[in-house]
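Just the structure for this:
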Amino acid sequence: MAFVSIPTPLTRPTLLIVGCGDVGMRVARLLRGRWRLVVLTTDSGRVPALRAAGICPLLGDLDRPETLARLAYLADAVLHLAPPAATGATDVRTAKLLRALARGGRVQRIVYVSTSGVYGDCAGDRVDETRPLRPATERAQRRVDAEARLRWYGRAFGARVSLLRVPGIYAADRAGGHPRERLARATPVLAAGDDVYTNHIHADDLARTCVAALHRGLPQRAVNVSDDSEIKMGDYFDLAADLCRLPRPPRIARAEAEQHLSPMALSFMSESRRLVNTRLVRELRVRLRYPRVHDGLLAGLADSGSHDDAA
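Numbering: from 1, shown residues only. Next up is the predicted model:
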């Protein structure tokens, strides 16, 4: 598959990263030296750290379109990691970003990190990318809206757009990315009869997928970015507890969960699906470093120096 074209043999292509948090920084580390990296940030306090990492910071805000004028002719490719706003059924931030990019027409490739929540509840079925989208929350509806806008942009401006549908992201060195804190709080999970299938991807594998999509993604193509595990949510936390040598979380019925858990937590416990990752493996040719959650959780324990205690 062809790589993103480079203007001259001596000039590195420019990648604009929008929403450069944990995953964006992992991508930047993978691409440093091969691409010119520019990050759109709202936080002037991050400028020194970004420069120290070999990244060119650009101050701008997707909620303030007047700050986005410089994006028009800036980049050959865009990695769009910014979340939508917290309310509404449309993603006005993506709309403003695309409007700014359209003024220049330079961008040849866009990789967008979406969510597997666009499928809604699938009653535990195996789900590939041809599954009709039935978002059950406004949060997921905003992602469906963003995907539609990006596909339109790709067709209208000749850019190749990859839509990466991502489930739960985890890593020991990611804030909130390991279940230890939840286990320490003894947050309950659903009883086996009410439990739901959940999907996961290690943050390093997601970053590697973003790079693969920049190079090999097909035009206007959605890809499920999930590992090979087929595991229910309660079993995932039981596995993590056993590896960490912590007590397993209490199991409660769904009716009881509705009385004790937050609406956000309940929303994740109301959708069950098993993502099929064939396009990830065959089209993007990603070889997962952590093909099962067991592998990633165990590696996290080793990285934190607690592997001996958990062995």
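
Next, count neighbours for R182.
Neighbours of R182 under the rule other C-beta atoms under 10 Å: 16. For the C-beta atoms, the positions are set from N, CA and C on the backbone; glycine is no exception.

Kindly state the beta-bridge partners for R126.
Per DSSP bridges, the residues bridged to R126 are R274.

That one against N277, yeah?
No - taking C-beta atoms under 8 Å as the definition, R126 is not a contact partner of N277, at 10.4 Å.

Dihedrals phi and psi, A240?
phi -60, psi -40 (degrees, to the nearest 10).

Pull up the gap between the nearest residue to it once chain neighbours are set aside and I201, please.
Spatial nearest neighbour of A240, excluding adjacent residues (C-beta to C-beta, 6 or more residues apart in numbering): P179 at 4.2 Å. Distance, P179 to I201, by C-beta to C-beta, to the nearest Å: 15 Å.

which one of those two has more residues nearby?
Neighbours were counted for P179 and for I201 using other C-beta under 10 Å; I201 has more, 29 against 23.

The more buried one and L164 touch, don't they?
No - applying C-beta under 8 Å, one finds I201 not in contact with L164, separated by 9.5 Å.

Now do the shared contacts for the two.
Common contacts of I201 and L164 (C-beta atoms under 8 Å, 6 or more residues apart in numbering): T209, V225.

before we move on, back to that, who has more neighbours, R126 and N277?
Neighbour totals were compared for R126 and N277, and N277 leads with 22 against 12 (other C-beta under 10 Å).

Next, the contact list for that one, please.
N224, V225, S226, D227, D228.

Find the residue closest to the last one in space, skipping its chain neighbours.
In space, and not counting its chain neighbours, D228 is closest to P291: 4.6 Å by C-beta to C-beta, 6+ apart.

swap in the first one?
Leaving aside its sequence neighbours, N224 sits nearest to L275 (C-beta to C-beta, 6+ apart; 4.4 Å).

now what about stretch 56-75, what contacts it?
Contacts to stretch 56-75, defined as C-beta under 8 Å, 6+ apart, come from residues 14-16, 18, 36-42, 44, 46-47, 50-51, 82, 85, 93, 96-97, 99-104, 106-107.

out of those, which are buried?
14-16, 18, 36-41, 46-47, 50, 82, 93, 96-97, 100-101, 106-107 (16 or more other C-beta atoms under 10 Å).

Which ones among these lie within strands?
Of those, the ones assigned to strands by DSSP state E are T14, L15, L16, V18, R36, L37, V38, V39, L40, T41.

ok, what's across the strand from the fifth one?
To tie it back to what came earlier, the one meant is R36. Bridge pairing for R36 - DSSP bridges - gives T14.

Thought R12 was touching it, still the case?
Yes - R36 lies in contact with R12 (C-beta under 8 Å); the separation is 4.9 Å.

Provide a list of residues in contact with R180.
Contacts of R180 were listed using C-beta under 8 Å, 6+ apart, and they are A240, C244, L246.

which of the residues you listed tops the neighbour count?
A240 leads the contacts of R180 on contacts (other C-beta under 10 Å) with 23 neighbours.

separation between it and R51?
From A240 across to R51, the span is 37 Å (C-beta to C-beta).

Point out where the chain drops to low pLDDT.
Residue ranges of the chain with pLDDT under 70: 1-10, 302-311.

For R287, which non-adjacent residue is closest in space?
The shortest distance from R287 to any non-neighbouring residue, by C-beta to C-beta, 6+ apart, is to V281 (7.9 Å).

residues near that neighbour, how many?
Counted with other C-beta under 10 Å, V281 comes out at 14.

Let me see the ranges of the strands in the stretch 1-150 of the chain.
For the stretch 1-150 of the chain, the strands defined by DSSP state E, counting those that start in this stretch occupy 14-18, 36-41, 56-59, 77-80, 109-115, 126-127.
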